[in-house]
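Asker: Just a sequence and a predicted model for now, questions to come.
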Amino acid sequence: MKSAKLVIMAGVASAVMACAAAPAEGASAVKLPSKDKFKIVVLAGQSNMAGRGKIDLNDNRPHPRVVMLNREGKWVPCVDPVHFDVNGSGVGPGKAFGEALADSDPSITVGLVPCAIGGSPISVWEPGKSFQKGKTVWHPYDDMVARVTKAKEQGTLAAILWHQGESDCMRRCGYLYQVKFPAFVERMRRDLGAEGVPLIVGGLHPKTCPGWFGNILARTHKDTCEKLYGPGLYVPAKDWPLEADNIHYTGAAQRDFAKLYFAAYKEVAARLAKEPDYWKKIESLPSVPDNCVVPADQMQSVPENLPERIEKYAFPKGRRR
């Protein structure tokens with residue numbers, strides 16, 4: 001008897017969950033191991049996580065133990081492009097990271113869950129928010145939760161990789177970022193059941209987000225994943241070559257960045273192995289400097305009921321109106 005096909009596409013998170021109860025016709029395209037040996041890696045953010053690097057067709061072979069969740073919600077062998085947010089998506093850090101993780105432990109299979117949407121600002125990574133990219137209307141946060149929830153039925157969440165912020169620099173929304181990004185991570189950990197999962201945050205290229213707002217985003221990335229809502233590590237970007245658009249990393253740069261993501265992941269994993277709750281014991285929490293407070297004209301965009309930890313971080317001396 002034919003069963004309903006699972007379709008996970010932008011803007012249809014509710015339909016995704018309605019279909020999730022029925023397995024895809026013909027089952028998965030790959031054979032998966034037991035749940036404890038199937039390690040799920042979430043790839044989220046915007047275009048430099050999705051990948052726009054040129055694909056080397058001569059070196060785009062799948063690893064025998066790395067798969068990816070495609071647009072239709074099926075596990076398939078992993079080749080670039082991993083993401084599908086635009087036609088012609090290219091090389092991102094996901095495939096190389098997944099292969100490094102698989103090579104580190106021959107007993108596991110790695111499943112990549114692509115969730116990044118090019119051009120998406122932090123403001124749309126909230127429940128119910130939509131974002132149009134080309135002719136497609138995406139729901140970045142809701143789609144991510146739906147895809148990861150489905151993936152976790154077959155595997156164990158091992159890591160979350162995040163790279164995002166260029167859109168906020170271009171829109172000069174850096175002040176709000178130091179409120180919205182911690183709120184996003186707090187909510188994401190709760191909704192994905194991701195407490196204790198390493199969160200590795202990649203820094204922005206110095207050419208795409210320089211100066212004042214670049215510093216705000218870099219500090220917020222680091223503070224959030226390492227102290228406010230760990231465990232995690234911030235990975236600064238290097239001055240790697242960019243594609244002709246001067247925004248996106250080349251394929252070679254993405255593979256180099258993937259090595260840094262993986263080194264950071266290993267560091268966090270090793271620390272967790274020694275002390276599983278180390279991130280809960282961090283007592284010296286950071287706070288936003290006095291000269292970086294949210295301007296009065298942007299305060300209307302700040303939610304009234306922030307978690308206490310974020311409130312103290314963003315407004316150490318109370319809200320100024």
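Answerer: Structure received.
Asker: list the contacts for residue 144?
Answerer: Applying C-beta atoms under 8 Å, 6 or more residues apart in numbering, we find residue 144 in contact with 42, 44, 115, 125, 188. All C-beta spots, glycine's among them, are computed from the backbone N, C-alpha and C.
Asker: distance between whichever strand or helix holds it and the chain's centre?
Answerer: Residue 144 belongs to helix 140-151 when assigned by DSSP states H and E. A distance of 11 Å separates the centroid of the chain from that of helix 140-151, by C-alpha atoms, centre = their mean, to the nearest Å.
Asker: got the buried residues for stretch 241-254?
Answerer: Across stretch 241-254, burial judged by 16 or more other C-beta atoms under 10 Å covers 242, 247-251, 253-254.
Asker: Now do the same for residue 132: helix, strand or coil?
Answerer: strand (DSSP: H, G, I helix; E, B strand; the rest coil).
Asker: Residue 284: neighbour count?
Answerer: Neighbour count for residue 284, taken as other C-beta atoms under 10 Å: 5.
Asker: excluding its backbone neighbours, what's nearest it?
Answerer: For residue 284, ignoring the flanking residues on the chain, the nearest one in space by C-beta to C-beta, 6 or more residues apart in numbering is residue 227 at 7.8 Å.
Asker: Which residues are in contact with the one you found?
Answerer: Residue 227 sits in contact with 282, 284-286, where contact means C-beta under 8 Å, 6+ apart.
Asker: what about the stretch 101-250 of the chain, any weak spots by pLDDT?
Answerer: Where the stretch 101-250 of the chain drops to pLDDT under 70, the residues are 170-173.
Asker: mind listing the strands for it?
Answerer: 109-114, 131-133, 136-138, 156-163, 199-202, 232-235 (DSSP state E, counting those that start in this stretch).
Asker: out of the ones you listed, which comes closest to residue 78?
Answerer: strand 109-114 (6.0 Å; C-beta to C-beta).
Asker: which strands and helices sit next to the closest one?
Answerer: strand 38-45, strand 66-69, helix 94-104, helix 140-151 (3 or more C-beta pairs under 8 Å, 6 or more residues apart in numbering; DSSP states H and E).
Asker: circling back: show me the two of the buried residues of stretch 241-254 that sit farthest apart.
Answerer: The farthest-apart pair in the buried residues of stretch 241-254, when distances are taken by C-beta to C-beta, is 247 and 251, at 14.6 Å.
Asker: Helices of the protein, start to end?
Answerer: 13-19, 47-50, 94-104, 140-151, 166-170, 174-192, 211-223, 251-274, 308-314 (DSSP state H).
Asker: Out of those, which gets nearest to residue 86?
Answerer: helix 47-50 (7.7 Å).
Asker: Outside of that closest one itself, list whatever touches it.
Answerer: Against helix 47-50 from outside (C-beta under 8 Å, 6+ apart): 43, 81-83, 85-86, 89, 92-94, 114, 116-119, 161-164, 166, 202, 205, 247-249, 254.
Asker: can I get the strands of the stretch 101-250 of the chain in a markdown table with mean neighbour count and distance to residue 265?
Answerer: A markdown table is the format used below for the strands of the stretch 101-250 of the chain (neighbours: other C-beta atoms under 10 Å; distance: least, C-beta to C-beta, whole Å):
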| stretch | mean neighbour count | distance to residue 265 |
| --- | --- | --- |
| strand 109-114 | 26 | 12 |
| strand 131-133 | 18 | 28 |
| strand 136-138 | 17 | 27 |
| strand 156-163 | 24 | 5 |
| strand 199-202 | 26 | 5 |
| strand 232-235 | 23 | 8 |
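Asker: would JSON lines of those with distance to residue 315 be doable?
Answerer: Output for the strands of the stretch 101-250 of the chain, formatted as JSON lines (distance: least, C-beta to C-beta, whole Å):
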{"stretch": "strand 109-114", "distance to residue 315": "34"}
{"stretch": "strand 131-133", "distance to residue 315": "28"}
{"stretch": "strand 136-138", "distance to residue 315": "31"}
{"stretch": "strand 156-163", "distance to residue 315": "24"}
{"stretch": "strand 199-202", "distance to residue 315": "22"}
{"stretch": "strand 232-235", "distance to residue 315": "22"}
